[in-house]
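Novice: Fold the following and give me the result.
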Amino acid sequence: MYIKKISFQKIGRIILLTLLVSYFLLNYDCAHNVPPSGGPEDKIPPEIIYHFPAADSVGIRHLEFIEVEFSEPIRRTTLPNNFWIIPELVGEMQVKWKGSRKVRFYLPDSLAADQTYVFTLSTGITDMHNNRLVRPFQIAFSSGEQLDRGSIQGQVYTEKISRDVYINAYILDENEESDSLLRKKPRYYTQIDGSGSYKLNYLSLNKFRVIALQDQDYDERYTLGSDLIGIPFTDVRLDSLDPDFFQLNFYLIKEDTILPAISRIDTASGQEIIIEFKEPVLLEQHFSVQVEDTVHNIHYPVLGTSLDSDNHAWLHLFFSELPPQTELAVRLSGVKDYSGNTIISDTLDFSFTSASQPDTVTPRLLKVEPSQGSSNVLFNDSIRLSFNVPVDSSLYQQYFTLETKEGKVVSGHYDFSNLRRPVYIPAGLLSSATTYNLTLQLDSLADIWKRSFPDTVISMEFTTMELSDLGEISGYVRAPTLNWYQAIVEADALKGRAHYRALAKKDIVYQMDYLPDGLFMTKAIMDLNENGSWDKGSTIRWQYSEPFFLKPDTVKVRKRWTTQGIDFIFNFREKP
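Specialist: Numbers count the residues shown, from 1 in each chain. Next up, the predicted model:
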C-alpha cells in the first residue's frame, strides 16, 4: 500500500509538472511571436476558412457581430486599419479575439433597411511569419431581400506595384465639381491584389467616378502633389441591363503643380556654369538666358547651352570668360518641367559668384556609337559622339559625314541639345545588311572656344542587321466606340530597354516591323485626340485619361516571321 501511495504521488507530480511546462511554453510563444526553430521556412499565406454571416446572406435585420476564422494564427498587430465595412457605420467596430485564429468584429450601429453591406479584410493582415493575405477578402450581406450586384473591375499599372493602392468609387452627382468630389470619402472602395488587379463588387446601380489612389497619409482622400493617382478614361454607369464594367484600367501618376526652380548654381570654371534645377526640365522654343553684373550693368553673352544627357535637371551654360569672384545674376525664360509647369511670369532669377579658375581641358573625342566594326546595328539607330568639351555645332555639321560604302551620302538632321554629345539622326531607316562609313575631320573641328582637336581624321565602319534576322508582330485594335479611330501599339523588350511603337487604325490590321528575336510585353493606347502620345489625365483641370490595355502574356518574336493575332479588344461590357 505504501509503494502504491508513492507511485500515485509521483504520477501527480509528473502531471502537474507537465501542465506547468506546457503553460510556460505556450505563454512564452504567444508573448514573443517567434517561429519554431528548424524546418523549412513558412511561405504559405493565411486563408479564411470560416466566416459569419454566410456569403451573400439576405434578410439580415439584426447583426451583433461579424466573425472570421483564419487557417493559422494571425499577427494581431496587423489587424487594425486593415478591415472596414461599406457603407460605413456610425462609430467604430470593436475587435475581440477568440484564440489566435478566430476574431469577432462587433458592429457599433444597427443596419439600415434594404442596404447591401460589404465587409473587407485587406492584404495588410499577416500570419506569424509575415505572409500576407493574397487578395482582399470580402463578405457581402443585405438587410433587404436582395443584394446589389453591380461590379467594376480592371488593372492598375505603375513602375512598381504596391498593395497599398486603393480603388475609390464615388456616386456621381452631375452638379458636383470634380475637385470637391475627390476631397470626399468614397462610398465604395477596395484594394488591389499582388498583381495589380481589382474588383469592386456589390455596387448599387448608379453612375460612378472611379480613381486609383496610393494614399500617402491614409486619409482616404486625394492630396494633390503627394498622392499617386490613376485617372479613369470615362465615368461608369451601371444599370439593370449593364451591371458590370470591365477593363477600367489605371496608370498611377504623381501630379506636379510645383513650378520649376533653381536649387543651386555650380561654377565649373570661368567659362562654364551648371544650373541645377529641383526637377528635370525642358527648354521651349522661346528659351533665352541672360547673365549680367547688375552692379556695373555688364552683360556676358552665352556661347552655348546644353541640357545634361544623363540628368535633365542640369543645364550647362558656356561663356568666353566670366570675371573671377564676381557676384552675377542669371535670368532664364522658356523653361518648363515635364508636367508642363512653366516659371512664374516666364522669368527665373538667381545669383551666384563666378569661379576663379579657368578651363584648361584639352579637347578630345571620348566615344563613338555605333562603335567601329559593329555588325548588328538597328535600322532606326542614330549616330552619337561624345566629347569632353562642347563642340562648335556649325563646324561639326561641316566636317561630319555618313555615307554608304559606295559613297552615297545619308541625309538626316542634327540634335545639339547637348553640345558634348551631338547626335545625327538619319532621315528614314538605314538599309538592311549595309555597311556605312562615318567620317569626322577632327583636325578641322573645334570646341565653342575655338580650341582645336588632335590633328587626325576619324573614319569608322558599321553594318546594319540582316533583314532576315528580324521579325514583326501584327493584329487588330478593336473598340465598340465609333469615334475612336487611332491607337498606339507599343512593344517593350524583356531584356534591355528597347522600345518599339506603331500607330494603328481601329479595325485595320497593324504591323510593327524590325523587331529582334526575343520576348516582348505589348500594350495599346486609344489615342483619342490623335496627338501620337499617351495622355494620362489630370485633376487640376479635370481631364480624362486615354484608355489602354496591356496584354498579360509575353509575345515571342522570331526571325523571318510575323507573329500574328496580337489583338487588343477594348470591350467594356463583356468579360474578357
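
Novice: for this protein, what are the low-confidence residue spans?
Specialist: Within the chain, the stretches falling below the threshold (pLDDT under 70) are 1-39, 161, 163, 344-347.

Novice: Can you show me the helices along it?
Specialist: Counting by DSSP state H, one finds helices in the chain at the ranges 2-32, 178-182, 393-399.

Novice: What residues of the second one count as buried?
Specialist: By neighbour count, with 16 or more other Cβ atoms under 10 Å as the criterion, the buried positions of helix 178-182 are 181-182. For every residue, glycine as well, the C-beta is placed using N, CA and C.

Novice: counting contacts, what elements does it pack onto?
Specialist: Packed against helix 178-182, as judged by 3 or more Cβ pairs under 8 Å, 6 or more residues apart in numbering; DSSP states H and E, are the following elements: strand 207-214.

Novice: Now do the strand it packs on: which elements does it pack against?
Specialist: With contacts defined as 3+ Cβ pairs under 8 Å, 6+ apart, strand 207-214 has these neighbours: strand 150-157, strand 165-171, helix 178-182, strand 228-230, strand 236-237.

Novice: mind checking which of these is nearest Phe83?
Specialist: With respect to Phe83, and counting by Cβ to Cβ, the nearest of those is strand 165-171 at 13.7 Å.

Novice: Quick check: neighbours of that closest one in the sheet, parallel or antiparallel?
Specialist: On the basis of DSSP bridges, the sheet neighbours of strand 165-171 come out as strand 188-191 (antiparallel), strand 207-214 (antiparallel).

Novice: Make a markdown table out of these and add mean neighbour count and distance to His296.
Specialist: As requested, these are arranged in a markdown table below (neighbours: other Cβ atoms under 10 Å; distance: least, Cβ to Cβ, whole Å):
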| stretch | mean neighbour count | distance to His296 |
| --- | --- | --- |
| strand 188-191 | 22 | 63 |
| strand 207-214 | 22 | 52 |
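
Novice: ok, now how distant is the residue nearest to Asp164 when sequence neighbours are not counted from Thr158?
Specialist: Ranked by Cβ to Cβ, 6 or more residues apart in numbering and with sequence neighbours excluded, the top spatial neighbour of Asp164 is Gln214, at 6.1 Å. With distances taken as Cβ to Cβ, to the nearest Å, Gln214 is found 8 Å from Thr158.

Novice: Report the set of residues contacting both of the two.
Specialist: Residues within reach of Gln214 and of Thr158 at once, by Cβ atoms under 8 Å, 6 or more residues apart in numbering, are 165, 228, 252.

Novice: Quick one: buried ones out of those residues?
Specialist: When neighbours are counted using 16+ other Cβ under 10 Å, those contain these buried positions: 165, 228, 252.

Novice: Show me where the stretch 251-400 of the chain has its strands.
Specialist: Under the criterion DSSP state E, counting those that start in this stretch, the stretch 251-400 of the chain contains strands at 262-269, 272-277, 281-293, 298-299, 302-307, 314-319, 327-337, 348-353, 365-369, 383-387, 400-404.

Novice: Could you check the angle the second one makes with strand 348-353?
Specialist: Strand 272-277 and strand 348-353 meet at an angle of 130 degrees, taking axes from the mean of the first three to the mean of the last three Cα atoms, to 10 degrees as the criterion.

Novice: ok, strand 272-277: who's next to it in the sheet?
Specialist: Partners of strand 272-277 in its sheet, by DSSP bridges: strand 262-269 (antiparallel), strand 314-319 (antiparallel).

Novice: and among the ones you listed, the most buried is which?
Specialist: For the strands paired with strand 272-277, average neighbour numbers computed from mean count of other Cβ atoms under 10 Å are highest in strand 314-319, which has a mean of 20.

Novice: can you list the helices and strands packed on strand 207-214 in a markdown table and add distance to Trp534?
Specialist: Converted to a markdown table, the helices and strands packed on strand 207-214 look like this (distance: least, Cβ to Cβ, whole Å):
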| stretch | distance to Trp534 |
| --- | --- |
| strand 150-157 | 11 |
| strand 165-171 | 20 |
| helix 178-182 | 21 |
| strand 228-230 | 13 |
| strand 236-237 | 21 |
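
Novice: okay, the ones you listed, which one's buried deepest?
Specialist: Scoring the helices and strands packed on strand 207-214 by how many neighbours each averages, mean count of other Cβ under 10 Å, gives strand 228-230 as the top one, at a mean of 24.

Novice: Tell me the helices and strands packed up against that strand.
Specialist: Using 3+ Cβ pairs under 8 Å, 6+ apart as the contact criterion, the elements in contact with strand 228-230 are strand 207-214.

Novice: wait, Leu181 sits on Arg209?
Specialist: Yes. Under the criterion of Cβ atoms under 8 Å, Leu181 is in contact with Arg209, at a separation of 6.4 Å.

Novice: Common neighbours of these two, please.
Specialist: Taking Cβ under 8 Å, 6+ apart as the contact definition, Leu181 and Arg209 share the neighbouring residues 170, 172.

Novice: Who are the contact partners of the nearest residue to Arg61 once chain neighbours are set aside?
Specialist: Across the structure, with Cβ to Cβ, 6+ apart as the measure, the residue nearest Arg61 apart from its sequence neighbours is Ser143 (6.3 Å). For Ser143, the contacting residues are 59-61, 111-115, 117, by Cβ under 8 Å, 6+ apart.

Novice: Many thanks, have a good one.
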